[in-house]
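[1] Here is the input, now give the coordinates:
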Amino acid sequence: MDIAVIGSNMVDLVSYLSRMPDEGETVEARDFAMGCGGKGANQAMAAARMGSSVLMLTRVGNDAFAETTRRNFEANGIDTTYVLDTDATSGVAPIFVDDNSRNSIVIAKGANAFLTAADIEDAAEAIAQCKLMVLQLEVNLETVYAAIDFGNRQGIPVLLNPAPASPDLDFAQVARCDYFVPNETELALLTGMPVQTLEEVQAAAQTILDRGVKNVIVTMGSRGVLWLSAAGSTLVEGRTVAALDTTGAGDAFIGCFSHCLVETGDVPGSLATANAYAADSVTRRGTQTSYATREQFEQGLKQGRADTAA
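    Alright, predicted model coming up:
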């Protein structure tokens, strides 16, 4: 395996609205879609569609959603050996998308809350063969810390996406990660600093770099991506696209970045490609359904969508 994704899976329940409801208000959805999601599964899917061999360590419930999730992984070439059954409901994520492509998401962890350090040890032999570990915060923090520890012991680079952002996140643990990839909102929540301007984003990210993280990568939507390391800072400019649904764009970025990083070892090049891949994803509806295969993505770039729809 190239990449081990240790984390969450969800079933997305997506409602498309003309506007978000006010408190106590009921509004009618124009459309509805159901699909496979969850930050861990999304990131695994993007990496797999770009061509990486991916191992997924996660837990599903004892309901109909579990088989849907497992079959979806298998159909996209993701190793499901460690997609583990749990006596609980599967995780679900009701998602609301308005006419301006803004989204609000609620998650119910379900079986994801039962992923443990013991599960990591049970999969240790397989994970140890991987070249990168990718983590998020939709499972218990203790499990995330155990995964970081395992990666450090095995000499495997660790990428942590602090989503959803948790005020309880231990930065002594974060400092043990090679790549820390928040978005603007998560960066603000974790640092307590403003992020309205690029200068403010850089100042907030610098405080995390100063705490020992090797690489801080902040995704900023249409403003692009900011990368800070000991060598300095690099801005990858955002792309102008006709956005239809921004759900899962951050996960598309992380999955594609992880794939490119393992394949090439080139951080700046991986950031640029992942930035284009994420922008391409928002031009289609859904989460995983919006992720292009490598062939589709490269064909889009050849057709000139690099500056428009990619």
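[2] Show me the shaky parts of this structure.
    304-310 (pLDDT under 70).
[3] what about the strands in it?
    3-6, 10-16, 31-37, 54-60, 83-85, 92-97, 103-105, 132-135, 158-160, 179-180, 215-219, 225-229, 232-236 (DSSP state E).
[4] closest one to A249 among those strands?
    Nearest of these to A249, taken as C-beta to C-beta: strand 215-219 at 8.1 Å. Using the backbone N, CA and C atoms, a C-beta is placed for each residue, glycine as well.
[5] got a list of contacts for that closest one?
    178-184, 187, 201, 205-206, 208-209, 225-229, 250, 253, 257, 267, 271, 278 (C-beta atoms under 8 Å, 6 or more residues apart in numbering).
[6] Which of the residues you listed fall in helices?
    184, 187, 201, 205-206, 208-209, 250, 253, 257, 267, 271, 278 (DSSP state H).
[7] ok, the spatially most central residue of the chain - contacts?
    Centroid-nearest residue in the chain, with C-alpha atoms, centre = their mean: D251, separated by 2.9 Å. Applying C-beta under 8 Å, 6+ apart, we find D251 in contact with K39, N42, Q43, A46, N161, T287.
[8] repeat that with 7 Å
    Applying C-beta atoms under 7 Å, 6 or more residues apart in numbering to D251 gives the contacts K39, N42, Q43, A46.
[9] Give me the spatial nearest neighbour of the first one, chain neighbours excluded.
    Same thing as K39. Q136 (4.2 Å; C-beta to C-beta, 6 or more residues apart in numbering).
[10] how much space between the one you found and D149?
    According to C-beta to C-beta, to the nearest Å, Q136 stands 17 Å off from D149.
[11] Which one of those two is surrounded by more residues?
    Each of Q136 and D149 has its neighbours counted (other C-beta atoms under 10 Å); Q136 has more, 25 against 15.
[12] quick one: contacts for the closest residue in space to R30 that isn't next to it in sequence?
    Nearest non-adjacent residue to R30, counting by C-beta to C-beta, 6+ apart: Y16, 5.1 Å away. By C-beta under 7 Å, 6+ apart, the contact set of Y16 is A29, R30, D31, V97.
[13] Please list only the buried members of those residues.
    V97 (16 or more other C-beta atoms under 10 Å).
[14] between the contacts of Y16, which is nearest N140?
    V97 (28.5 Å).
[15] Return the residues in contact with that closest one.
    Contacts of V97 by C-beta under 7 Å, 6+ apart are V14, Y16, L17, N103, D245, T247.
[16] now for the residues you listed, which pair is the farthest apart?
    L17 and T247 (12.9 Å).
[17] Of the two, which one has the most company?
    T247 (29 against 18).
[18] For beta bridges, what are the partners of the residue nearest to R30?
    D31, V97 (DSSP bridges).
[19] Make 48 the starting number, not 1.
    OK, 48 is where the count begins now, so the last one is Y63.
[20] how far away is it from D146?
    Look at Y63 and D146: by C-beta to C-beta, they are 8 Å apart.
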